[in-house]
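Visitor: coords below, sequence missing:
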């Protein structure tokens with residue numbers, strides 16, 4: 001799913017920070033002759049202490065021999081990974097191109113089969129979608145769930161269809177970061193773990209949904225496979241592109257819920273509006289509700305709600321998608337009906353529940369001789385920031401630092417849109433997302449990947465899986 005305010009921050013940015021730190025230290029030490037050793041050391045320690053702590057090799061334990069083998073294996077696998085990414089991007093898998101989604105699933109299924117996973121395809125024709133790919137690797141370690149998706153927002157009718165190399169470090173293509181790049185990172189990390197003889201004891205379930213961009217309905221059926229896979233898991237890891245910044249991880253996502261208001265009033269001649277026996281009409285009632293939503297609810301942190309469509313008149317018809325409407329009326333007739341549809345974003349189940357209650361209370365206070373009701377769809381649930389999620393991000397951050405590619409901290413939830421990991425956030429004690437392929441402009445014909453980050457993210461992911469799996473017991477929040 002799309003997140004705003006993307007930027008590319010790859011190894012070059014990390015290197016520049018390191019160079020800046022070296023320059024700061026050299027300038028401080030050069031004062032030795034005048035200030036004395038004690039003063040110079042104090043100056044060096046005062047120069048950007050937070051950055052020094054973040055970048056110093058001593059800030060994280062060094063890689064073990066096994067982890068160094070993993071890192072080398074990723075480097076060796078990177079050319080093949082980029083070739084796989086190009087192959088996947090060149091297969092159109094818009095959500096409603098069911099054959100294309102299945103074709104991407106078949107390519108990735110072969111990858112997991114060759115890794116020794118047990119794979120299966122879960123048909124989703126009952127919800128008018130292609131299906132989901134599940135790959136399982138049982139082992140004695142704590143159960144880890146890895147989440148990707150096969151579909152993109154680009155249907156066959158889109159002119160944006162092919163992988164295009166822009167430079168050695170960048171490429172453009174439909175779904176290259178959202179999220180075929182993340183899918184390839186999963187495969188690459190697991191291959192590197194196998195090359196390093198570390199995969200065998202791991203207990204891993206991979207779920208690639210085929211309809212993340214436009215989920216089938218009801219959602220309870222469309223996400224049943226993922227929810228079932230999450231039972232008993234110690235951690236869930238999503239490989240969406242997140243904020244597009246490799247120094248950030250996602251431990252909280254705002255959910256997305258659609259709402260619909262329907263109002264009715266007494267039709268009559270416009271000259272008689274507000275009479276005791278006629279009242280205010282349906283459009284004024286809709287306007288009252290929207291005005292009170294704004295005055296009552298606006299300003300709460302991480303809460304967003306926005307009407308996207310409004311239609312009113314003597315007759316109104318909204319199409320099945322909720323994205324289009326037709327209306328008929330006359331300027332001298334009081335509107336008998338009105339419909340408003342909108343979107344709401346919340347950061348936690350509690351915020352969602354409170355906001356729904358407040359909206360219902362506002363809707364229930366009608367203008368004279370009008371009626372109104374509000375309904376909510378199933379929506380994508382929010383993923384609240386929890387101590388368990390923070391702990392998992394800490395393990396990922398430590399792995400990144402050990403590789404020399406850290407630090408990684410939490411992105412602001414306002415920059416993290418709805419995604420599949422949220423469906424299991426209340427089941428799994430530790431969750432993280434947004435550690436897929438970095439880039440910018442997803443969901444547009446400028447969707448671009450920073451290919452340098454493919455190996456970086458694969459190494460980080462592989463070390464995270466290894467460190468979770470070798471723990472004496474699954475960490476608990």
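Guide: Thanks, I have it. Nothing here was measured: the structure is a model prediction, and the numbers come from that model.

Visitor: what helix or strand is residue 446 on?
Guide: Applying DSSP states H and E as the criterion places residue 446 outside every helix and strand.

Visitor: Now it: phi and psi?
Guide: Note on residue 446: backbone dihedrals following degrees, to the nearest 10 are phi -110, psi 10.

Visitor: And for residue 452?
Guide: phi -60, psi -30.

Visitor: That one and residue 195: what is the separation?
Guide: In this structure, residue 452 and residue 195 are 21 Å apart, going by C-beta to C-beta, to the nearest Å. All C-beta atoms are positioned from the backbone trio N, CA, C, and that covers glycine.

Visitor: The stretch 351-477 of the chain: helices as residue ranges?
Guide: When secondary structure is read from DSSP state H, counting those that start in this stretch, the stretch 351-477 of the chain shows helices at 387-402, 452-470.

Visitor: quick one, domains of the protein?
Guide: Listed domain ranges for the chain are 13-58, 61-253+383-470, 256-376 (source: automatic domain parsing).

Visitor: can you give me the end-to-end distance of the longest one?
Guide: In other words, domain 61-253+383-470. Criterion C-alpha to C-alpha, to the nearest Å; first-to-last residue distance in domain 61-253+383-470 is 16 Å.

Visitor: again with the last one
Guide: Across domain 256-376, the straight-line distance between its terminal residues is 11 Å, by C-alpha to C-alpha.

Visitor: Go through the domains of the chain and pick out the most buried.
Guide: The highest mean neighbour count among these, using mean count of other C-beta atoms under 10 Å, belongs to domain 61-253+383-470: a mean of 21.

Visitor: Any idea how far it is from the middle of the chain?
Guide: 10 Å (C-alpha atoms, centre = their mean, to the nearest Å).

Visitor: Could you dump the domains of the chain into TSV with mean pLDDT added?
Guide: Listed next are the domains of the chain as TSV, based on pLDDT from 0 to 100:
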stretch	mean pLDDT
domain 13-58	35
domain 61-253+383-470	97
domain 256-376	96
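
Visitor: Can you pull the phi/psi pair for residue 366?
Guide: Backbone dihedrals for residue 366, given as degrees, to the nearest 10, come out at phi -80, psi 150.

Visitor: so who does the closest residue to it other than its chain neighbours touch?
Guide: Leaving aside its sequence neighbours, residue 366 sits nearest to residue 372 (C-beta to C-beta, 6 or more residues apart in numbering; 5.9 Å). Shown in contact with residue 372 (C-beta atoms under 8 Å, 6 or more residues apart in numbering): 261-264, 285-286, 289, 363-364, 366.

Visitor: Try it again at 10 Å.
Guide: With contacts defined as C-beta atoms under 10 Å, 6 or more residues apart in numbering, the neighbours of residue 372 are 261-265, 282, 285-286, 288-289, 338, 340, 362-366.

Visitor: Which members of the residues you listed are positioned in helices?
Guide: 282, 285-286, 288-289, 362-363 (DSSP state H).

Visitor: All the helices of the stretch 151-300 of the chain, residue numbers only.
Guide: 181-195, 219-222, 224-230, 282-297.

Visitor: Save the ones you listed as a markdown table, and put in distance to residue 462 too.
Guide: A markdown table is the format used below for the helices of the stretch 151-300 of the chain (distance: least, C-beta to C-beta, whole Å):
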| stretch | distance to residue 462 |
| --- | --- |
| helix 181-195 | 4 |
| helix 219-222 | 30 |
| helix 224-230 | 21 |
| helix 282-297 | 44 |
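
Visitor: I'd like to know which of the ones you listed lies nearest to residue 315.
Guide: Checking these against residue 315 by C-beta to C-beta gives helix 282-297 as the closest, at 11.2 Å.

Visitor: Show me what the helix or strand just after the closest one is packed up against.
Guide: Downstream of helix 282-297, the next assigned helix or strand under DSSP H and E is strand 304-313. If contacts are counted by 3 or more C-beta pairs under 10 Å, 6 or more residues apart in numbering; DSSP states H and E, strand 304-313 sits against strand 255-264, helix 282-297, strand 315-318, strand 325-328, strand 337-346.

Visitor: How far does strand 304-313 sit from its chain's centre?
Guide: Here the centre of mass of C-alpha atoms in strand 304-313, compared against the chain's by C-alpha atoms, centre = their mean, lies 26 Å away.

Visitor: Just checking: what are the partner strands of that strand?
Guide: For strand 304-313, the paired strands and their directions (DSSP bridges) read strand 337-346 (antiparallel).

Visitor: by how many degrees do the strand it pairs with and helix 282-297 diverge?
Guide: Using axes from the mean of the first three to the mean of the last three C-alpha atoms, to 10 degrees, the interaxial angle of strand 337-346 with respect to helix 282-297 works out to 20 degrees.

Visitor: residue contacts, residue 425?
Guide: With C-beta under 10 Å, 6+ apart as the criterion, the residues that contact residue 425 are 230, 236, 251-253, 255, 348-349, 381-384, 386, 388-389, 431, 433.

Visitor: out of those residues, which are inside strands?
Guide: Among the contacts of residue 425, the ones falling in strands (DSSP state E) are 236, 255, 431.

Visitor: Kindly indicate which of those residues lies nearest residue 395.
Guide: residue 431 (12.4 Å).

Visitor: State the distance from that closest one to residue 250.
Guide: When C-beta to C-beta is applied, the distance between residue 431 and residue 250 equals 9 Å.

Visitor: do residue 129 as well
Guide: Taking C-beta to C-beta as the measure, residue 129 falls 25 Å from residue 250.

Visitor: got it, and residue 371?
Guide: Distance, residue 371 to residue 250, by C-beta to C-beta: 42 Å.

Visitor: before we move on, what about residue 405?
Guide: Residue 405 is 17 Å from residue 250, where distance means C-beta to C-beta.

Visitor: ok, now residue 322?
Guide: From residue 322 across to residue 250, the span is 27 Å (C-beta to C-beta).

Visitor: ok, now residue 471?
Guide: 22 Å.

Visitor: one step back: pull up the overlap in contacts between residue 431 and residue 250.
Guide: Residues within reach of residue 431 and of residue 250 at once, by C-beta under 10 Å, 6+ apart, are 238, 383, 385, 389, 393, 421.

Visitor: Dump those residues to a markdown table, plus distance to residue 124.
Guide: Formatted as a markdown table, the entries for the shared contacts of residue 431 and residue 250 read as follows, by distance: C-beta to C-beta, whole Å:
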| residue | distance to residue 124 |
| --- | --- |
| 238 | 20 |
| 383 | 23 |
| 385 | 31 |
| 389 | 28 |
| 393 | 32 |
| 421 | 19 |
